[in-house]
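J.: Any chance you can model this:
(one chain, ligands or ions: 1)
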Amino acid sequence: MKLRKVAAEEPFVLAAMASLLGALLWLNLRPRLLLQFFYSAEMLALTHLVTLGFASSLVQGLSQRLVPQLLSVARPTPRAAWGHCVAWLLGASGIVFHFAVEGFVGMAWATLLTLAAVLWFCRNFAGVWRAARGGDPVARWVAASCCHFALVAALGASYAALRVWGIGAAWLGAPLLDRLGAHLHLGLVGWIGGAIFGWQLKFLPGTRASERVERWRFWTVQLGLLLLIAALIGGAPTLRAGALLVAAGLAARSVPALASWRRNAPGRVEIAAHALLLLLAVVGVGLAFDWPAADAPLRYPLELAYGYVGLLGWVVLTVIGTSWKLFSAWVWEERFLPERGLKPTPRASDLPSAWLRDGSALAVVAGLALTVAAILRSADGSAPLVLLRCGLALHLLGVLLFAAQFLRIARWELLKLDWHPPR
Ligand code: HEM
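T.: As a prediction, the model looks like this:
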């Protein structure tokens, strides 16, 4: 049987792996970035290496296969898929590079190219809207996440236009950290989170509830995000209500997922990611309620730790917990399905290693704990570099083990090795 290859999937996935490794290496070489105020050109470059290079590339790469397969949406033509992919890789790498060298005019042009790539992605999968209108709860999350992706890119491009050309000062007058907070939450909860929440309904059955409850969870998070953004960008008095609603919507999914811990041994890494998400929700509500107060020494370190755990903790752990199932099923399908019945073939579940999955997750969690402890301790003026270096090294180790798992699975496709049944 000849399977039709999914266009433009591999460059996204490879870019995501390279960006995650690159970001952890960068942090290990420059740990002091986490002990100072977080708004700097270098941190902006590093942040977007993670958010665009890793998380957004991975979600777009996985969408190339998941959206047509699981939501019965037509695949984009190879030309449309490759056009979007090239525009994205050029735009996203342009943002990271120009932030790193402080070339802000180039950065602003790169945000426009990235915005165009995001709109192209939404256009390629416009069929998701029909599936969402038909009542499919997965499609509902995925369609909303595409909207948030377009919004976050539009906000990013307007921030760049404001910074470089002074355009938009009249309506982007909110304080800098509020504007950045709006952009972060739209990206992390609306776009990346929306995609994760949607696909998890398929891959982590413990998170799925009745249609009525699903609808409630979905609209609670969306309304909460809307109130949050209205407060952070428009100065509306809705910050606390928004934070409480988002936290309630997330908790309504994560608490039942945690309850399935005993029954679902292979899903434990994903479940641990839900525990992190709950912790983030609690801290997010605390920040919205001015704990700690805006002028307290702990405030900025806590905000930095919050963003760090969101981007490099929750997202990474979710990916470690989910990708081994997806990658092994896809590699098996492409490599071994055509050989089935002609020669001995493994099962898809033989391709990944449970040891690598659990080992990488443990190292990431231990690394996160030490790194966050070091960031928070910097609030009292100390610079706990040894603690921070140990945390970042462990975090890198976890990501290296994850990369080893990825290569372990991908070698069957990349190297076309012969499989021999174990004796
Ligand atoms: C997943 C999506 C995204 C997330 C989570 C995200 C997150 C962030 C964060 C946390 C910051 C502040 C970083 C710091 O203070 O060190 C930031 C700033 C910025 N982001 Fe993004 N970002 C995302 C996507 C984008 C996109 C698609 C663009 C461009 C099209 C963009 C353009 C910018 C710009 C220009 C700034 C600087 C704003 C300023 O200095 O006023 N971001 N982003």
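J.: Excluding covalently adjacent residues, which one is nearest to residue 303?
T.: residue 287 (6.8 Å; Cβ to Cβ, 6 or more residues apart in numbering). (C-beta placed from N, C-alpha, C; glycine too.)
J.: Could I get the contacting residues of that neighbour?
T.: For residue 287, the contact set (Cβ atoms under 8 Å, 6 or more residues apart in numbering) comprises 243, 302, 303, 306.
J.: Residues of the chain that sit close to the ligand?
T.: By Cβ under 6 Å from any ligand atom, the part of the chain that sits against the ligand consists of 38-39, 43-44, 47-48, 51-52, 55-56, 95, 111, 114-115, 152-153, 156-157, 159-160, 163, 180, 183-184, 187-188, 191-192, 307.
J.: what residue ranges in the chain are flagged as low confidence?
T.: Within the chain, the segments meeting pLDDT under 70 span 1-5.
J.: Centroid-nearest residue for it?
T.: For the chain, the residue nearest the mean C-alpha position is residue 55 (3.9 Å; Cα atoms, centre = their mean).
J.: Can you name the residues that contact that one?
T.: Contact analysis of residue 55 by Cβ under 8 Å, 6+ apart lists 16, 192, 311, 315.
J.: which secondary structure elements does the helix or strand encompassing residue 47 contact?
T.: Using DSSP states H and E, residue 47 sits within helix 41-48. With contacts defined as 3 or more Cβ pairs under 8 Å, 6 or more residues apart in numbering; DSSP states H and E, helix 41-48 has these neighbours: helix 9-29, helix 78-100.
J.: Now do it: everything it contacts.
T.: The contact list for helix 41-48 (Cβ under 8 Å, 6+ apart) reads 23, 26-27, 30, 33, 92, 95-97, 99-100, 102, 307, 311.
J.: filter the residues you listed to the buried ones?
T.: 23, 26, 27, 33, 92, 95, 96, 97, 99, 100, 307, 311 (16 or more other Cβ atoms under 10 Å).
J.: Would you point out the most distant pair within those residues?
T.: 97 and 307 (21.5 Å; Cβ to Cβ).
J.: and which of the contacts of helix 41-48 is nearest to residue 256?
T.: Nearest to residue 256, judged by Cβ to Cβ, of those is residue 311 at 24.8 Å.
J.: Over to the residue lying closest to that closest one once chain neighbours are set aside. Which of the three states is it?
T.: Excluding the flanking residues, the one nearest residue 311 by Cβ to Cβ, 6+ apart is residue 50, at 5.1 Å. Secondary structure, DSSP: H, G, I helix; E, B strand; the rest coil: residue 50 is helix.
J.: so residue 50 touches residue 19, yeah?
T.: Yes: using Cβ atoms under 8 Å, residue 50 is in contact with residue 19, at 7.0 Å.
J.: Which one of the residues in the stretch 301-423 of the chain is closest to the ligand?
T.: Closest approach between the stretch 301-423 of the chain and the ligand, counting by Cβ to the nearest ligand atom: residue 307, at 5.6 Å.
J.: Who are the contact partners of that residue?
T.: By Cβ under 8 Å, 6+ apart, the residues touching residue 307 are 38, 47, 184.
J.: what about the second one, neighbour count?
T.: By other Cβ atoms under 10 Å, 20 other residues sit near residue 47.
J.: same thing with the first one?
T.: Look at residue 38: counted by other Cβ under 10 Å, it has 19 neighbours.
J.: how much does whichever helix or strand residue 106 is part of deviate in direction from helix 41-48?
T.: Under the criterion of DSSP H and E, residue 106 resides in helix 104-124. Helix 104-124 and helix 41-48 are oriented at 10 degrees to each other (axes from the mean of the first three to the mean of the last three Cα atoms, to 10 degrees).
J.: quick one: helix 104-124 to chain centroid distance?
T.: 18 Å (Cα atoms, centre = their mean, to the nearest Å).
J.: cool, stretch 65-74 as well?
T.: Its chain's C-alpha centre and that of stretch 65-74 lie 20 Å apart, by Cα atoms, centre = their mean.
J.: distance of residue 368 from residue 114?
T.: 28 Å (Cβ to Cβ, to the nearest Å).
J.: With residue 95 instead?
T.: Taking Cβ to Cβ, one finds residue 95 at 6 Å from residue 114.
J.: what do those two both touch?
T.: The contact sets of residue 95 and residue 114 overlap at 52, 156 (Cβ under 8 Å, 6+ apart).
J.: could you dump the contacts of residue 55 to JSON lines with distance to residue 375 and secondary structure?
T.: Shown next, in JSON lines, are the contacts of residue 55 (distance: Cβ to Cβ, whole Å; DSSP: H, G, I helix; E, B strand; the rest coil):
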{"residue": "16", "distance to residue 375": "25", "secondary structure": "helix"}
{"residue": "192", "distance to residue 375": "22", "secondary structure": "helix"}
{"residue": "311", "distance to residue 375": "13", "secondary structure": "helix"}
{"residue": "315", "distance to residue 375": "18", "secondary structure": "helix"}
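J.: Farthest pair within those?
T.: 16 and 311 (13.2 Å).
J.: The helix holding residue 47: which residues count as buried?
T.: Neighbour-count burial for helix 41-48, counted by 16+ other Cβ under 10 Å, picks out 43, 44, 45, 46, 47, 48.
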